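Asker: 3D, please:
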Amino acid sequence: SYYLVFISAALLILVVASFNYINLSYAIYMSRIKEIAIRQILGSKKTALLISLVAESVLVSMLALVIGMTTVSLSIEEIGQLTGKNLTQFYEPWFWLLAILIALGTGVLSGIPPAFRLLRNNNLAVDKGLKPKAKSAHWLIFTQLGISSLLIMAMLAVTQQLNFLQETSLGFNGASILVIPIKDRTHNADYKTILSEIESVSGIDGASFSSSTPGSSNALTYTYTISGANKADVALTTVIADESFCKLYDIKLIRGRLNSLSSSDGHVGILLNQSAVDFLELDEPIGKQVSGKITGEVVGVVEDFQVNSLHNLVEPVIIYNFLPTLRYVSVRSATGFNREKIDNLAEVWSKRYEKYPMEYSLLEDDNLKLYSYEKGVLHSINILVCVAVFIAVIGLIGHATLLRKSKAREFSIRKVLGASPLLVLRSTAGVVWKYLLFGAMLVSSLGFVAIEFWLRNFPYRPEIDVWVYVAPVIIVSVLFLVILL
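Answerer: As a prediction, this is how the structure comes out:
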């Protein structure tokens, strides 16, 4: 879905640049009338002149390609770090060939409209009143404004989506939890003693052994048979954890009781989350027999919580204790972890795991890393928006200069008669207000449809605020009127 955003933004910027070139070409027509007229008088054919003018556009496009590819080659590593992707395709021959074809196509398509406009009459020498068509220029400039507005909408929508993913509750409390990977599982049988030693450290509020940590996309999957279920063999996301796990992560118990260690007959107490109960269509899950990786009995149901990121829906989860598979120790401290507290934990850890110094990470940081790609996308879109707006502003300045030039006499007369700059602006805006109004409604509608289409790829999404669709159009329109003044 983010590739769609990048491709769309790149194409829109290319369109803005092309329209900008066409618009600025209109602005310099007056200075080239005599040149083209003389060339026609000297016998130049219209076809040759057309090819010549289009070739100028292609040359500009190819020079832009050289500058662009040089810039990318010098910053390819930074771009890869920003997006979290290995951009090796940049060095592939097909990529360069595609870039050249795009540059050639852009040059030709950008050069043809102004060239045809310049050569529209058979005898340019007598065409003293040649001016760009106002309506054509208006539509081009408002298309640029619309594209700039759409890109700003995309930036705001991605920002809201990223904030939503980072701020939405995952169904557990992961604040102030330190995660320590276990490199030596031979001590798993003594986990209760190890937990007591860890909890004896000043400032530590609790600890738990588990096979995975919530919200970190590191859970296991095994196949089980559950009595009374609508399926014989089902693959369930598996969290193997001790009795302290649900309490440590504040995962709420809906019914039944929390799991316990293996009993003398080898059966274990098993928990299901609510999604697992719904998935298996169990009317009364308590007491159901489970076989597969372990043999046990369902003793409780907990509320749903995310074992992966919010890129995925909540999965059916089964929870039980199986000592050989415990891979992490989660440690909670309500007051946070300073250097002294971490050093004290490391000292306790080294007594048990002499060959493996304590490695650790904060669970909140681990969870946020799952959204690092979105952050890179947002930074990239911010850059694209700045580029698009900059290109559009150049076009706006050119269009405003052309419009003021074509109405110079009218403005001078109005000022001599005492009209204020505001009245002059109102007069000028009267020419374009219809385009502004129509463009604003069209762009807001297109932005709404595009953003809704993009967001449907996410299982969890925010309700996008109305101002996301309205504010960019207003800002860009005001910018246009300010430049016009």
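
Asker: what sits up against stretch 352-371?
Answerer: Residues outside stretch 352-371 that contact it (C-beta atoms under 8 Å, 6 or more residues apart in numbering): 162, 165-166, 170, 174-175, 177-184, 187, 190, 194, 197, 213-217, 309, 311, 330, 337, 342, 345-346, 349-350. For the C-beta atoms, the positions are set from N, CA and C on the backbone; glycine is no exception.

Asker: Excluding covalently adjacent residues, which one is nearest to E315?
Answerer: Residue nearest to E315 in three dimensions, not counting chain neighbours: T237, with 4.5 Å by C-beta to C-beta, 6 or more residues apart in numbering.

Asker: count of neighbours near the one you found?
Answerer: Using other C-beta atoms under 10 Å, T237 has 20 neighbouring residues.

Asker: what do you get for Y222?
Answerer: 16.

Asker: Quick one: residues contacting the residue lying closest to it once chain neighbours are set aside.
Answerer: Distances taken as C-beta to C-beta, 6+ apart put K293 closest to Y222, at 4.5 Å, once the chain neighbours are dropped. Shown in contact with K293 (C-beta under 8 Å, 6+ apart): Y222, T223, Y224, T238, F322.

Asker: Make a PyMOL selection of the buried ones in the contacts of stretch 352-371.
Answerer: Only the buried entries of the contacts of stretch 352-371 go into this PyMOL selection, using 16 or more other C-beta atoms under 10 Å:
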select buried, resi 162+165+170+174+177+178+179+180+182+194+197+213+214+215+216+217+309+311+330+337+342+345+349
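
Asker: Please narrow the contacts of stretch 352-371 to those residing in strands.
Answerer: Residues of the contacts of stretch 352-371 located in strands (DSSP state E): I177, L178, V179, I180, P181, S330.

Asker: now, which of the residues you listed sits nearest E92?
Answerer: P181 (37.7 Å; C-beta to C-beta).

Asker: so how far is A334 from that closest one?
Answerer: Distance, P181 to A334, by C-beta to C-beta, to the nearest Å: 23 Å.

Asker: Quick check: which ranges of the stretch 51-200 of the chain have low pLDDT?
Answerer: 79-86, 118-140 (pLDDT under 70).

Asker: and the ones in strands among the contacts of stretch 352-371, which two are the farthest apart?
Answerer: Largest separation among the ones in strands among the contacts of stretch 352-371 by C-beta to C-beta: I177 and P181, giving 13.7 Å.

Asker: the helices in the stretch 51-200 of the chain, which residues?
Answerer: Under the criterion DSSP state H, counting those that start in this stretch, the stretch 51-200 of the chain carries helices at the ranges 93-118, 134-167, 191-199.

Asker: contacting residues for S110?
Answerer: Taking C-beta under 8 Å, 6+ apart, we find S110 in contact with S18, Y21, I22, S57, S61.

Asker: From the residues you listed, which land in strands?
Answerer: Using DSSP E, none of these sit in strands.

Asker: closest to S149 among those residues?
Answerer: Ranked by distance to S149 (C-beta to C-beta), the contacts of S110 are led by S18 at 17.6 Å.

Asker: Surely F142 touches L436?
Answerer: Yes: contact criterion C-beta atoms under 8 Å: F142 and L436 qualify, at 7.1 Å.

Asker: So which of the two has more stuff around it?
Answerer: Ranked by neighbour count (other C-beta under 10 Å), F142 and L436 place F142 first, with 23 against 18.

Asker: Now tell me what touches stretch 275-290 from outside.
Answerer: With C-beta under 8 Å, 6+ apart as the test, stretch 275-290 has contacts from 224-231, 234, 236, 255-256, 270, 272, 295-301, 304, 314-318.

Asker: what's the span of it from first residue to last?
Answerer: Stretch 275-290 has an end-to-end distance of 17 Å (criterion: C-alpha to C-alpha, to the nearest Å).

Asker: Now it: average pLDDT?
Answerer: For stretch 275-290, mean pLDDT is 92.

Asker: Give the other helices and strands that the host helix or strand of C386 contacts.
Answerer: Secondary structure assigned from DSSP states H and E places C386 in helix 372-406. Packed against helix 372-406, as judged by 3 or more C-beta pairs under 8 Å, 6 or more residues apart in numbering; DSSP states H and E, are the following elements: helix 2-27, helix 46-83, helix 134-167, helix 467-484.

Asker: what helices or strands is the second one leaning on?
Answerer: Identification of packing neighbours for helix 46-83 by 3+ C-beta pairs under 8 Å, 6+ apart yields helix 2-27, helix 33-41, helix 93-118, helix 372-406.
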